[in-house]
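Peer 1: Just need the structure, nothing else, for what follows:
(chains A and B)
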There are 2 protein chains.
Amino acid sequence: MTSNPSSENDPSGMTGIMLPPLMVGIPTCMKYCSHCGKTVVFRIPEGDNRERFLCESCGTIHYQNPRIITGCLAVWEDRVLLCKRAIQPRSGFWTLPAGFLENGETATAGAERETWEEVRAKVAKLELYTMFSLPHISQIYLFYRAQLIDGIFAPGEETDAVSLFHEADIPWDKLAFPVIRDTLQHYFRDRANNEFRVHAADIEISRDIRR
Amino acid sequence: MTSNPSSENDPSGMTGIMLPPLMVGIPTCMKYCSHCGKTVVFRIPEGDNRERFLCESCGTIHYQNPRIITGCLAVWEDRVLLCKRAIQPRSGFWTLPAGFLENGETATAGAERETWEEVRAKVAKLELYTMFSLPHISQIYLFYRAQLIDGIFAPGEETDAVSLFHEADIPWDKLAFPVIRDTLQHYFRDRANNEFRVHAADIEISRDIRR
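Peer 2: Have a look, this model is predicted:
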């Protein structure tokens, strides 16, 4: 997963305008206008209905919106490819190759790129499989089912290990995130029924209780 | 659709660092670091593989990522709800109620909110229906099938008119965007077969030929 520090910052390290507790989804705070360099304020712009960072000097409104993580559930024969994270958060836990979608990139191209970067594997036949909305971290996850092209893989820079797993060998108690567990559970259930469909869910977790 | 000017700016009006032609997906440019107020540069950060706006003074990397538009294909009996846009782009053309997903909001909550804001309608039974990836404008569209709760609707602030349409009356040549046409085409085809499934597609359009 490409690290994207602005969404992983410790809010306690922020020195700019602090966000009210209810706005848990806003990943970054800002102090200066990126257009004119003057200080910004945090208030509801005229004609809007929620607080934004805005510049009273040049009038720019700095919208902040959720980000997309895209990745692959890559399959080889009857096994699925998992990788062990070498970076925080959840270093040492198993995940599916995934990361932030980049500007100018299709969701499938992003999933292929992340699969290459993290597990050095080439994939084909991508089909959208799970979509999760995680408002507490303002992220949308898109996982694609995909086929490994040649069965070749190797750890990328942010990965400690990569391996193909039979269903019976999935390290369920060592998975990095609930969306990984849910995607794998859907997959093995659908495979048993020989009928795959897209699964979509909102996952709402209070900031107080999330890991 | 909530207007979100930073994605609709005319690039020719930018006075900061101009982006190279191939980076068509980046919606905003920046001149000053929003963290420390110093000027930024546009180059590949160490350990990364693509150009970012970064601050050589405080070290902040300013990631920019695609945005999500979420909305509803709302149904009442055998008709679907369309609204006529009162704002640019595509003012006067028909669309589905949709807009930018906000931080801290689930994708379904965003679709419900936009449906309320644009057509003053309440919806239930949301099911993910279409997902489109549009890299040339760095957007992901998520449309949900939904049921109108009480058949009541009215134009919101950014809407000129709202109406329920039978399939035979859809204004196909007056639809605002290709993703609207595609979503409606999927819907009527799936309805005829009495079998709905999620449809996902990447839509790649050269910047030269897009409207």
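Peer 1: Can you show me the helices along chain A?
Peer 2: In chain A, the helices defined using DSSP state H lie at A:107-119, A:178-193.
Peer 1: for these, which one ends up most surrounded?
Peer 2: helix A:107-119 (a mean of 23; mean count of other Cβ atoms under 10 Å in any protein chain shown). For glycine as for every other residue, the C-beta is placed from the backbone atoms N, C-alpha and C.
Peer 1: Next, see if that one gets close to chain B.
Peer 2: Yes. Helix A:107-119 reaches chain B (Cβ under 8 Å from any Cβ of the partner chain) through A:107-109.
Peer 1: ok now do the residue of chain A positioned farthest from its centre, which residues does it touch?
Peer 2: Distance from the centre of chain A peaks at residue A:57, with 34.8 Å (Cα atoms, centre = their mean). For residue A:57, the contact set (Cβ atoms under 8 Å, 6 or more residues apart in numbering or on different chains) comprises A:33, A:36, A:38.
Peer 1: The residue lying closest to the second one once chain neighbours are set aside: neighbour count?
Peer 2: Taking Cβ to Cβ, 6 or more residues apart in numbering or on different chains, and ignoring the residues beside it in sequence, residue A:36 has residue A:58 as its nearest neighbour in space, at 4.1 Å. The tally of other residues near residue A:58 (other Cβ atoms under 10 Å in any protein chain shown) stands at 11.
Peer 1: you'd agree residue A:58 is up against residue A:37?
Peer 2: No. Look at residue A:58 against residue A:37 with Cβ atoms under 8 Å: they stay out of range, at 9.1 Å.
Peer 1: how does chain A divide up, domain by domain?
Peer 2: Listed by automatic domain parsing, the domain ranges of chain A are A:28-64, A:67-202.
Peer 1: just the ones you listed: most buried one?
Peer 2: Note that of those, domain A:67-202 is the most buried (mean count of other Cβ under 10 Å), with a mean of 19.
Peer 1: Over to it now: how far is its first residue from its last?
Peer 2: One end of domain A:67-202 to the other measures 15 Å (Cα to Cα, to the nearest Å).
Peer 1: Look up how far chain B lies from residue A:33.
Peer 2: Plainly put, residue A:33 is 7 Å away from chain B if you go by Cβ to the nearest Cβ, to the nearest Å.
Peer 1: Could you dump the contacts of residue A:57 into JSON lines and include distance to residue B:43?
Peer 2: Below are the contacts of residue A:57 laid out as JSON lines (distance: Cβ to Cβ, whole Å):
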{"residue": "A:33", "distance to residue B:43": "22"}
{"residue": "A:36", "distance to residue B:43": "22"}
{"residue": "A:38", "distance to residue B:43": "25"}
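Peer 1: picking that back up, of the helices of chain A, which approaches residue A:150 most closely?
Peer 2: helix A:107-119 (12.7 Å; Cβ to Cβ).
Peer 1: which other helices and strands contact that closest one?
Peer 2: Applying 3 or more Cβ pairs under 8 Å, 6 or more residues apart in numbering or on different chains; DSSP states H and E, one finds that helix A:107-119 contacts strand A:67-76, strand A:79-85, strand A:98-100, strand A:123-134, strand A:139-148, strand A:159-165, strand B:123-134, strand B:199-202.
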